[in-house]
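1. attaching a predicted model along with its sequence, questions to come.
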Amino acid sequence: MKFSFFHLMPYTDAQASAEWPVPNRDFDAGKAHGYYRAYLDAMIHAEDCGFDWVGCNEHHFSPYGLMANCNVIGGALAHATRRIRIAMMGNLVPLNNPVRIAEEYAMLDCISGGRLVAGLMRGIPHEYIAYNINPDKSWARQREAIELILRCWTEPEPFGWQGEYFTFPQISIWPKPLQKPHPPLVISASSPESARFAGEMKATMGMVLISDLAMAKECIAVYKEAARKAGWEPKAENILIGMHTCIADTDSQAMAALKSAKEYFDRVLMGGPRTAGRLVLQKSRYYQEAANAERMRERLAKREAATLEQQIEGGMIFCGSPQSVVKQIRRVHGELGNGVFNFTMKVGNLPDAVVRRGMELFRDRVHPEVRDL
């Protein structure tokens, strides 16, 4: 079993706002400097706490995450660490220049000595409003962008690209990745459509913020079927499950800490993105289709309506003492058969000291019990 320490880098001194974009009038760059330093220190410390991967991703226009370009953070991590894999999960390929992504990922792979995990994500709905991209084109843009990125990494001679969404007369990137033929791919797969796409692309599937284990099992089944049709057989290591995670000395300490932090996450950090998501649901043909809209509504409703206790019981969150979290990990792994867990331990405004204590409890009392799953 592999474990990833994932960080959203939230701005934790924001006021609740349902506006979109979230106004930045109260942004304090001095505070942000402190956040970046503390968050990077924690991510580097993950190597000493037994984590196999350390990761982050890309978000825009809100305090939800301070990473407009996660590759900047990846460069800092690649230089400061020696063993841990640098998991960029990742760049939103439909919104960006795919050649630039190929170049920056190749740099990270060379700097890190071949430790990059290359996330090529479609992105959640509100990112499309931020960058003024039609979400109905997201699937086609993602497919073409990934095909172009893989060509950039593997083509030994200059080539041109004339696609539906991207055109380049000549391409020959320097550097190329250290890992051959290219770094391992991760593609988000929290819906049947995205799970099918990940299987077709021969990538590891990543599911985050699952609403229940039954939905996760459905996505895994779709992924495996699509992979077999594409001519390959996924292993446990190709299934990544992401969880909000809080580990404390006792169950009561963990529950008290996470309840407060989750309230901040849901009320403040998700305020603007939730409004933007509703705008996309109203305007996007894809999300207006009955099956897609109903599934999205059900997923959001289940998570928002469930208490913390229900989310733990439902396998949506890991929270408790080391002994309790070990039981929770074993249960979810037993149900899903995944080979990677992706822990978001800085949930909302959870104090950094609580996050650090949780990391050390993971190292000393959780990881030894579950690493051989």
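-> Done, it's in. All values derive from a computational prediction rather than experimental measurement.

2. CA only for contacts and neighbour counts going forward, please
-> Fine.

3. now the spatially most central residue of the chain, what's its secondary structure?
-> Residue closest to the mean C-alpha point of the chain, counted by CA atoms, centre = their mean, is M89 at 4.7 Å. Classification of M89 using DSSP: H, G, I helix; E, B strand; the rest coil returns strand.

4. check contacts around it.
-> G55, C56, N57, E58, V117, A118, G119, L120, M121, V186 (CA atoms under 8 Å, 6 or more residues apart in numbering).

5. now for whatever helix or strand Y128 lives in, which elements pack on it?
-> If you go by DSSP states H and E, Y128 is part of helix 126-130. Counting contacts by 3 or more CA pairs under 8 Å, 6 or more residues apart in numbering; DSSP states H and E, helix 126-130 packs against helix 271-283.

6. just checking, what packs against the helix it packs on?
-> Secondary elements touching helix 271-283 (3+ CA pairs under 8 Å, 6+ apart): helix 126-130, helix 285-288.

7. mind telling me which of those the model trusts least?
-> Mean pLDDT across the helices and strands packed on helix 271-283 is lowest at helix 285-288; the value there is a mean of 53.

8. now do the strands in the protein.
-> Applying DSSP state E to the chain gives strands spanning 2-6, 53-56, 85-92, 116-121, 159-162, 167-171, 185-188, 204-208, 239-247, 317-320, 340-344.

9. contacts for the longest one?
-> With contact meaning CA under 8 Å, 6+ apart, strand 239-247 is reached by 204-210, 220, 254, 257-258, 316-322, 325, 337-345, 347, 355, 357-359, 361-362.

10. just the buried members of those residues?
-> For those, a burial check counting by 16 or more other CA atoms under 10 Å picks out 204-210, 220, 254, 257-258, 316-322, 325, 337-345, 347, 355, 358-359, 361-362.

11. dihedrals phi and psi, S211?
-> phi -90, psi -20 (degrees, to the nearest 10).

12. any stretches of this protein with poor pLDDT?
-> The model of the chain has pLDDT under 70 over residues 281-304.

13. quick revisit: distance to R331 and neighbour count added to the contacts of M89, as CSV?
-> Converted to CSV, those look like this (distance: CA to CA, whole Å; neighbours: other CA atoms under 10 Å):
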residue, distance to R331, neighbour count
G55, 24, 27
C56, 26, 26
N57, 27, 26
E58, 30, 20
V117, 26, 24
A118, 28, 26
G119, 27, 27
L120, 29, 26
M121, 28, 26
V186, 24, 25
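
14. out of those, which is nearest to A248?
-> Closest to A248 out of the contacts of M89 is G55 (21.9 Å), distances taken as CA to CA.

15. who's in contact with the closest one?
-> Going by CA under 8 Å, 6+ apart, G55 touches S4, F5, F6, H7, G74, I86, A87, M88, M89.

16. pull the most distant pair out of those.
-> Within the contacts of G55 (distances taken as CA to CA), the two that end up farthest apart are S4 and G74, at 14.1 Å.

17. ok, the residue nearest to Q253 when sequence neighbours are not counted to S252 distance?
-> In space, and not counting its chain neighbours, Q253 is closest to G320: 7.6 Å by CA to CA, 6 or more residues apart in numbering. With distances taken as CA to CA, to the nearest Å, G320 is found 7 Å from S252.

18. if we can go back for a sec, let's have the contacts of M89 in a markdown table, adding distance to E157.
-> Shown next, in a markdown table, are the contacts of M89 (distance: CA to CA, whole Å):
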| residue | distance to E157 |
| --- | --- |
| G55 | 32 |
| C56 | 32 |
| N57 | 31 |
| E58 | 31 |
| V117 | 25 |
| A118 | 23 |
| G119 | 25 |
| L120 | 24 |
| M121 | 27 |
| V186 | 26 |
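
19. which of those residues lies closest to P135?
-> M121 (13.3 Å).

20. how close does that closest one get to E127?
-> To E127, M121 is 11 Å away according to CA to CA.

21. what is the burial count for E164?
-> E164 sits with 9 neighbouring residues when counted by other CA atoms under 10 Å.

22. please begin residue numbering at 51 from this point
-> Sure, I'll start counting at 51 from here, so that last one is E214.

23. quick one: contacts for it?
-> So E214 contacts E194 (CA under 8 Å, 6+ apart).

24. my guess is G321 contacts Q65. True?
-> No. Using CA atoms under 8 Å, G321 is not in contact with Q65; the gap is 9.8 Å.

25. so for the two, which sits in the more crowded spot?
-> G321 (22 against 14).

26. which ones are touching that one?
-> Here G321 is in contact with A66, S67, A68, E69 (criterion: CA under 8 Å, 6+ apart).

27. if we can go back for a sec, so how far is the helix holding Y178 off the chain centroid?
-> Helix 176-180 has its C-alpha centroid displaced from the chain centroid by 17 Å (CA atoms, centre = their mean, to the nearest Å).

28. just stretch 124-139 next, same as before
-> Taking CA atoms, centre = their mean, one finds stretch 124-139 lying 15 Å from the centre of the chain it belongs to.

29. export it to CSV, keeping only CA atoms.
-> The C-alpha trace of stretch 124-139 is given here as CSV (Å, rounded to 0.1, in the frame of the first residue of the first chain):
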residue,chain,number,x,y,z
GLY,A,124,6.5,20.8,-7.3
GLY,A,125,9.9,22.4,-8.1
ALA,A,126,10.4,23.4,-4.5
LEU,A,127,9.5,19.9,-3.4
ALA,A,128,11.7,18.2,-6.0
HIS,A,129,14.7,20.1,-4.9
ALA,A,130,14.1,19.7,-1.1
THR,A,131,13.4,15.9,-1.0
ARG,A,132,15.3,12.8,-2.0
ARG,A,133,13.0,9.8,-1.9
ILE,A,134,9.3,10.7,-2.0
ARG,A,135,7.5,10.9,-5.4
ILE,A,136,6.3,14.3,-6.5
ALA,A,137,2.6,13.8,-7.3
MET,A,138,1.3,16.7,-9.4
MET,A,139,-2.5,15.9,-9.3
